[in-house]
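> quick one, what's the 3D model for this:
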Amino acid sequence: MTLDEKGNYLFVGRKDHMNHMIKTRGYRVELAEIEAVMVAHPAVDEAMALAIPDEASGNTIRAIVTISNSSSLTSTELKRHWAEKLPPLHGTRTGRIS
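Below you'll find the model as predicted:
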């Protein structure tokens, strides 16, 4: 806790964004762990996990992936791969891949 120039108390937490760690549905999740699982699939060239602020859950996780041109990978196959490698809380509530 610190005091600002107007005399207000500021509650300062950890800087989790430095570690790419977020809180979602009451759990701490590392975005880098999600990204590592995504790029482990042979058809995925690049991946990025994002935290989208959400009043109900704290954050919602969204993923952006680049799939190799020669791949015919479907979103269902990709979700199955991630479901085998990550705990359920790391996914989105809808399972949507954007």
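> what's the spacing between Ile61 and Ser68?
Here the criterion is CB to CB, to the nearest Å. By it, Ile61 lies 23 Å from Ser68. From N, CA and C alone the C-beta is placed, and that goes for glycine too.
> try Ala43
6 Å.
> do the same with Leu86
For Leu86, the distance to Ser68 (CB to CB) stands at 21 Å.
> which neighbours does the lowest-mean-pLDDT helix or strand in the chain have in its sheet, and in what orientation?
Lowest by mean pLDDT, DSSP states H and E among the helices and strands of the chain is strand 9-10, with a mean of 72. Using DSSP bridges, strand 9-10 pairs in its sheet with strand 2-3 (antiparallel).
> could you check how far the strand it pairs with is from the centre of its chain?
Relative to the mean C-alpha coordinate of its chain, strand 2-3 is positioned 31 Å out (CA atoms, centre = their mean, to the nearest Å).
> all strands in the protein, in order from the N-terminus.
In the chain, the strands defined using DSSP state E lie at 2-3, 9-10, 21-24, 27-30, 44-54, 58-67.
> by contact count, what packs against the third one?
Strand 21-24 makes packing contacts with strand 27-30, strand 44-54, strand 58-67 when contacts are defined by 3 or more CB pairs under 8 Å, 6 or more residues apart in numbering; DSSP states H and E.
> adding distance to Ser75 and mean neighbour count, write those out as CSV.
As requested, the helices and strands packed on strand 21-24 are exported to CSV (distance: least, CB to CB, whole Å; neighbours: other CB atoms under 10 Å):
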stretch, distance to Ser75, mean neighbour count
strand 27-30, 21, 16
strand 44-54, 12, 15
strand 58-67, 10, 17
